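>>> Got a sequence here, can you build the structure:
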Amino acid sequence: MVIKKFSEPSEEIIKEIRNVELICKEHDKLNGSIFLDTSINFNSEIKSLFLLYDSNILVSLVSMFIPTRDEAEISAYTLPKYRRKGYFKKLLHEAIKEISKYNISDLIFVCEPQSNDGNKVIEKLKAEFHFTEYLLRYNDSVDDMEVRPTPEIKLKEAEKEDLESLINLSQEIFNDNYEDAKSMIIKSFESENRIQYIGMIDKKHIGMGSASLGNDEASIFGFGVSPQYQGKGFGRAMLKRILTDLKNRGRENITIEVDSTNKNAFNLYKKCGFKVETSFDYYRKRPDFLFQS
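As a prediction, the model looks like this:
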């Protein structure tokens with residue numbers, strides 16, 4: 001048994017992970033996929049991927065998404081015939097040792113509701129249910145892409161001189177603190193496969209959104225409109241323009257995620273042609289209480 005740790009996966013490692021993922025998804029009837037883009041983690045040196053090999057075969061893995069210092073979001077797979085051998089526990093302890101170096105206070109475990117083995121692990125952890133998140137996929141046959149009449153809103157790809165304006169928007173829309181907002185936006189600028197958008201009325205910045213690009217796919221995140229402009233059609237207009245831009249870039253497979261408690265955003269996305277594909281339950285746990293018994 002060998003455990004390997006990485007801050008950024010190579011193409012070969014990604015291929016190994018996707019193979020394990022495929023086997024687990026078929027066995028457990030899962031729909032989601034592990035997010036392997038580490039470029040937005042708050043620290044580029046932090047180890048966020050932990051792999052366990054048995055006879056040179058990848059059999060178990062833990063991945064952490066850590067955009068801020070507040071929490072680490074954990075996803076994991078173990079091949080079915082290697083479960084109940086303590087492999088996940090070993091990897092989780094390695095992950096906890098790593099985040100303890102950075103004073104990260106909370107772990108967020110992600111589990112699809114239909115995963116029986118995953119739910120058993122959550123129960124053993126005694127993690128507290130936090131919220132459910134929906135993954136929605138865009139279906140352009142649902143909506144004709146026509147934007148309802150609103151005062152003219154323009155969309156542009158943000159530039160570094162827009163940084164302070166984006167930080168202010170992030171604080172207004174998402175209640176982010178200054179340093180977290182700055183870190184995430186800068187990393188979007190620096191990433192080769194991310195686009196940072198900004199929405200404007202005349203010259204006033206009123207909304208923001210980002211997209212992570214794959215070969216023929218894109219995932220929209222960090223989308224929102226300043227509170228004073230919400231409920232007036234600006235969000236719908238801006239999202240439509242982002243969708244049009246992504247389609248023009250050759251991305252037909254477009255997803256977005258939304259917290260189940262955010263009814264306004266959920267309804268907006270459905271009106272714009274998104275349909276629910278799957279859901280993820282999120283559970284919170286402080287790392288210093290794990291496996292103490």
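>>> Just give me the residue closest to the centre of this structure.
With distances taken as CA atoms, centre = their mean, Phe35 lies nearest the centre of the chain, 6.5 Å away.
>>> From Ile74, how far out is that one?
Distance, Phe35 to Ile74, using CB to CB, to the nearest Å: 11 Å. Heads up, the C-betas are built off the backbone N, CA and C, glycines and all.
>>> Find residues that contact each of the two.
Here Phe35 and Ile74 have Ser63 as joint contacts, going by CB atoms under 8 Å, 6 or more residues apart in numbering.
>>> wait, what's in contact with the residue nearest to the centre of the chain?
The contact partners of Phe35, by CB under 8 Å, 6+ apart, come to Ser63, Phe65, Ser75.
>>> quick one: secondary structure of the closest residue to Val2 other than its chain neighbours?
Spatially, and ignoring its direct neighbours in sequence, Val2 is nearest to Tyr53 (4.6 Å; CB to CB, 6 or more residues apart in numbering). Following DSSP: H, G, I helix; E, B strand; the rest coil, Tyr53 is assigned to strand.
>>> okay, Tyr53: pLDDT?
Predicted confidence (pLDDT) for Tyr53: 98.
>>> Look up how far Ser60 lies from it.
Remark: distance between Tyr53 and Ser60 (CB to CB) = 9 Å.
>>> next one: Cys24
From Cys24 over to Ser60 the distance is 10 Å, taken as CB to CB.
>>> Next: Ala265.
According to CB to CB, Ala265 and Ser60 sit 35 Å apart.
>>> who's more crowded, the two?
Between Ala265 and Ser60, counting by other CB atoms under 10 Å, Ser60 is the more crowded of the two (25 against 18).
>>> For the chain, which segments are assigned as strands?
Using DSSP state E, the strands assigned to the chain run over residues 2-6, 49-54, 57-65, 71-78, 106-111, 128-138, 154-157, 194-201, 204-213, 217-225, 253-259, 274-285.
>>> Any idea which of those strands gets closest to Asn168?
Distance to Asn168, taken as CB to CB, is lowest for strand 204-213 among the strands of the chain, at 8.0 Å.
>>> residues in contact with Gly222?
So Gly222 contacts Ser170, Phe174, Met184, Ser188, Met208, Gly209, Ser210 (CB under 8 Å, 6+ apart).
>>> can I get those in CSV with neighbour count and distance to Glu152?
Putting the contacts of Gly222 into CSV (neighbours: other CB atoms under 10 Å; distance: CB to CB, whole Å) gives the following:
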residue, neighbour count, distance to Glu152
Ser170, 21, 24
Phe174, 13, 25
Met184, 23, 28
Ser188, 22, 26
Met208, 28, 18
Gly209, 23, 18
Ser210, 22, 23
